[in-house]
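Participant: A predicted structure for the sequence below; I have some questions about it.
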Amino acid sequence: YFEKKNAVQSAIKIGKIVISKKHEDYPMLNILNTVLGGYFGSRLMSNLREDKGYTYGINANIVNNLASSYLVISTEVRKEIYKNAVSEILKEITRLQNDLIPEKELSLVKNYMMTSILGFFNGPFSISLTLKHMLTLGIDYEYYNRSTDAIINCTPSQLRDIAIKYLDIETLTEVVYG
């Protein structure tokens with residue numbers, strides 16, 4: 001925690017190094033990340049924005065590099081409630097490790113993700129950005145086939161196992177500034 005005098009808000013970043021896109025578990029981790037905070041209807045957005053009113057926005061992203069990637073959860077909240085916000089973030093991660101994702105929620109995420117993949121190949125500019133991404137990370141079209149298969153076939157119990165394997169709260173780094 002880094003305090004800034006007279007700050008109105010605190011910026012929160014919680015994250016860790018995770019596997020690269022080349023790893024066989026990556027598509028499932030990406031699905032789990034989407035459930036957690038990767039789209040507007042995510043658990044973090046529902047909890048911290050919709051239910052608690054702590055923030056205007058919160059997200060979880062996986063930033064990809066050649067050898068590894070990192071998962072980062074980012075938000076800004078009123079300075080006096082940052083501890084509550086961090087607690088709620090960790091609670092959502094723990095829920096993913098302990099409870100199965102309801103089929104209705106998972107179906108919504110699957111539809112969202114399939115639409116996103118289609119967007120990567122929709123028109124010359126999207127295709128060129130996707131090709132640049134593939135070349136930069138050393139992946140090929142098979143990555144998208146594996147991702148599509150994972151999205152279509154993943155189960156709530158598989159995602160819970162991925163949460164246990166890759167989202168151990170003890171391995172997360174928390175930084176708060178404000």
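Facilitator: Yep, it's here.

Participant: Tell me which stretches of the chain form helices.
Facilitator: 26-37, 43-44, 82-98, 103-120, 124-137, 141-153, 156-166 (DSSP state H).

Participant: Include mean pLDDT, mean neighbour count and distance to Asn59 when you put those into CSV, please.
Facilitator: Where C-beta positions appear, they are placed from N, C-alpha and C, glycine not excepted. As requested, those are arranged in CSV below (pLDDT from 0 to 100; neighbours: other Cβ atoms under 10 Å; distance: least, Cβ to Cβ, whole Å):
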stretch, mean pLDDT, mean neighbour count, distance to Asn59
helix 26-37, 98, 24, 5
helix 43-44, 98, 24, 7
helix 82-98, 98, 17, 11
helix 103-120, 96, 14, 14
helix 124-137, 94, 12, 19
helix 141-153, 96, 15, 19
helix 156-166, 98, 17, 17
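
Participant: so which of those gets nearest Val175?
Facilitator: helix 82-98 (10.3 Å; Cβ to Cβ).

Participant: Tell me which other helices or strands that closest one touches.
Facilitator: Based on contacts counted as 3 or more Cβ pairs under 8 Å, 6 or more residues apart in numbering; DSSP states H and E, the elements that helix 82-98 packs against are strand 9-18, helix 26-37, helix 43-44, strand 69-78, helix 156-166, strand 173-177.

Participant: The last one packs against which elements?
Facilitator: What that stands for is strand 173-177. Here strand 173-177 touches strand 9-18, helix 82-98, going by 3+ Cβ pairs under 8 Å, 6+ apart.

Participant: As CSV, the ones you listed with distance to Tyr144 would be great.
Facilitator: As requested, the helices and strands packed on strand 173-177 are exported to CSV (distance: least, Cβ to Cβ, whole Å):
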stretch, distance to Tyr144
strand 9-18, 19
helix 82-98, 25
